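> One predicted model, sequence on top.
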Amino acid sequence: MNTYCRPIKENIKNNLNHTKSTQQLITLQDNHKKGADMETDLVINILRIEAVPVLILSGDVDAYTARKLQQAIADLVANGESKIVISLAGVHYIDSSGLGTLIGGLRRIKEHNGNLAISGPNPHLRNVLNITGLGRVLPLHTDDMSAVTYLKS
């Protein structure tokens, strides 16, 4: 009887190890899902000032959220908008994906004979935009109204 019980005990032990591995896998999947939900970390509101759409961003513009900004710009251009202001006053962090989205948005708008202006970047974001050279390509303004005035001139 002892010889018969040993394989059963080993199977139970192996099953417990498998269960632990499964739990780790579920935890990793949950963490991945949390990463996918991070897209909610960017809120985009659209305000019109003198008929010019101003995308008011709140949150981070990064690899998780850049697609949301890209889609908002694409939707405005598809609806015939050729002058757009992007307000970064509520943005605390931007990574290379976010910077690439700004450049892609400018390119898309230029293809439709329009222009894009940036308003309200905090000193840190202004520094990032200037260091990367984007401050020379994208007009930077302290507030939404000055950006709108620039685009309308």
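Arrived safely.
> For A78, give its distance to S153.
25 Å (C-beta to C-beta, to the nearest Å). (C-beta placed from N, C-alpha, C; glycine too.)
> again, but for R136
Taking C-beta to C-beta, one finds R136 at 19 Å from S153.
> of these two, who's got more company?
Using other C-beta atoms under 10 Å as the criterion, R136 and S153 rank with R136 on top: 10 against 5.
> if I've got this straight, the more buried one is in a helix?
Yes: R136: assigned to a helix according to DSSP: H, G, I helix; E, B strand; the rest coil.
> Can you check what pLDDT the model gives it?
We have a pLDDT of 94 for R136.
> which ones are touching it?
Applying C-beta atoms under 8 Å, 6 or more residues apart in numbering to R136 gives no contacts.
> switch the cut-off to 10 Å
Contact analysis of R136 by C-beta atoms under 10 Å, 6 or more residues apart in numbering lists L129, N130.
> separation between it and N130?
8 Å.
> and if you look at A63?
With distances taken as C-beta to C-beta, A63 is found 22 Å from N130.
> now swap in G80 and tell me
For G80, the distance to N130 equals 32 Å [C-beta to C-beta].
> With I44 instead?
Computed as C-beta to C-beta, the I44 to N130 distance reads 24 Å.
> Tell me where this structure has strands.
Along the chain, the segments classed as strands by DSSP state E run 42-49, 52-61, 83-94, 115-119, 140-141.
> Name the nearest residue to A72, sequence neighbours excluded.
Residue nearest to A72 in three dimensions, not counting chain neighbours: I44, with 5.1 Å by C-beta to C-beta, 6 or more residues apart in numbering.
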